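S.K.: quick one, what's the 3D model for this:
(one chain, ligands or ions: 1)
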Amino acid sequence: MKLFVDTALIEEITEVNRWGILDGVTTNPTHVSKTGKSAQKVYEEILRTVKGPVSLETIAEDAEGIVREARELAAKADNVVVKVPITCDGLTAVKQLNSEGIKTNVTVVFSPLQALLAAKCGATYVSPFIGRLDAIGHTGMEIVQQIKAIYDNYDYSTEIIVASIRHPLHVLEAALIGADICTMGFATMKQLYDHPLTDLGIERFLNDWKKVPKE
Ligand code: E4P
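M.R.: Okay, here's the model as predicted:
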């Protein structure tokens with residue numbers, strides 16, 4: 001399974017990249033607003049640092065505007081993926097962008113049928129938001145299971161990015177379902193490593209090593 005970091009903070013992206021496990025990055029307007037920098041500057045920094053797919057989100061709401069914005073974003077680098085919210089205009093734009101060879105990530109997805117439409121329009125990726133569903137009393141991961149079944153039934157090549165991940169258990173469940181990608185914040189990514197028994201085990205080995213005679 002591929003792991004993406006969901007942030008626009010270059011320090012976080014650089015750190016995860018250093019660990020050797022980073023496959024790509026997803027950003028959104030909220031993440032960009034937290035950097036305090038212009039989107040232009042943030043995107044340049046990220047694209048200089050990351051080789052894998054980098055999702056940059058469109059703001060326009062009409063199909064023509066989305067396509068125009070998407071072309072500008074895609075021209076920045078070969079690894080740009082244009083993030084498009086799932087609306088009728090969004091889907092019209094995704095279909096057009098697919099015909100131009102521009103990669104898309106259909107986002108803000110909360111149902112398997114929205115994901116079906118995204119695949120029909122040729123989306124490269126689809127991003128179901130799991131944590132936000134959990135937060136309103138649904139079992140978010142159920143839609144990942146359903147999207148996976150639908151895509152397998154019809155051989156859609158659209159890849160599933162499990163998004164709005166809140167904790168490592170979401171990543172485990174997504175991996176067991178066979179989702180292609182998980183995108184998560186820096187804190188959750190770091191938690192994938194953490195285990196109290198690993199810390200204790202290393203501490204014990206280091207202490208015992210001190211007891212080994214030097215000669
Ligand atoms: C995914 O691409 C989105 O940027 C992200 O996962 C949204 O998650 P949130 O619910 O943490 O805002």
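
S.K.: where does the residue nearest the centre of the chain sit: helix, strand or coil?
M.R.: A centroid search over the chain (C-alpha atoms, centre = their mean) returns T183, at 3.3 Å, as the residue closest to the centre. Put simply, T183 is strand when judged by DSSP: H, G, I helix; E, B strand; the rest coil.

S.K.: the closest residue to it other than its chain neighbours bridge partners, please.
M.R.: Nearest non-adjacent residue to T183, counting by C-beta to C-beta, 6 or more residues apart in numbering: F4, 3.9 Å away. For every residue, glycine as well, the C-beta is placed using N, CA and C. Beta-bridge partners recorded for F4 (DSSP bridges): G24, T183.

S.K.: pretty sure T26 is one of the things F4 touches, is it not?
M.R.: Yes. With contact defined as C-beta atoms under 8 Å, F4 and T26 form a contacting pair (5.3 Å).

S.K.: gap between the residue nearest to the centre of the chain and the ligand?
M.R.: With distances taken as C-beta to the nearest ligand atom, to the nearest Å, T183 is found 5 Å from the ligand.

S.K.: in contact with that residue, which residues?
M.R.: Contacts for T183 (C-beta atoms under 8 Å, 6 or more residues apart in numbering) come out as 3-6, 24, 26, 127, 161-163, 165.

S.K.: so which bits of this structure are right by the ligand?
M.R.: With the criterion set to C-beta under 6 Å from any ligand atom, the chain comes near the ligand through 6, 26, 28, 107, 127, 129, 131-132, 163-164, 183.

S.K.: strands - which of those land there?
M.R.: Among the residues of the chain next to the ligand, DSSP state E puts 6, 26, 107, 127, 183 in strands.

S.K.: list the residues that contact the second one.
M.R.: Counting by C-beta under 8 Å, 6+ apart, T26 makes contact with 4-6, 54-55, 83, 105, 127, 161, 163, 183.

S.K.: look up how far G131 lies from the residue nearest to the centre of the chain.
M.R.: According to C-beta to C-beta, to the nearest Å, T183 stands 11 Å off from G131.

S.K.: how much space separates L197 from R204?
M.R.: Taken as C-beta to C-beta, the span from L197 to R204 is 10 Å.
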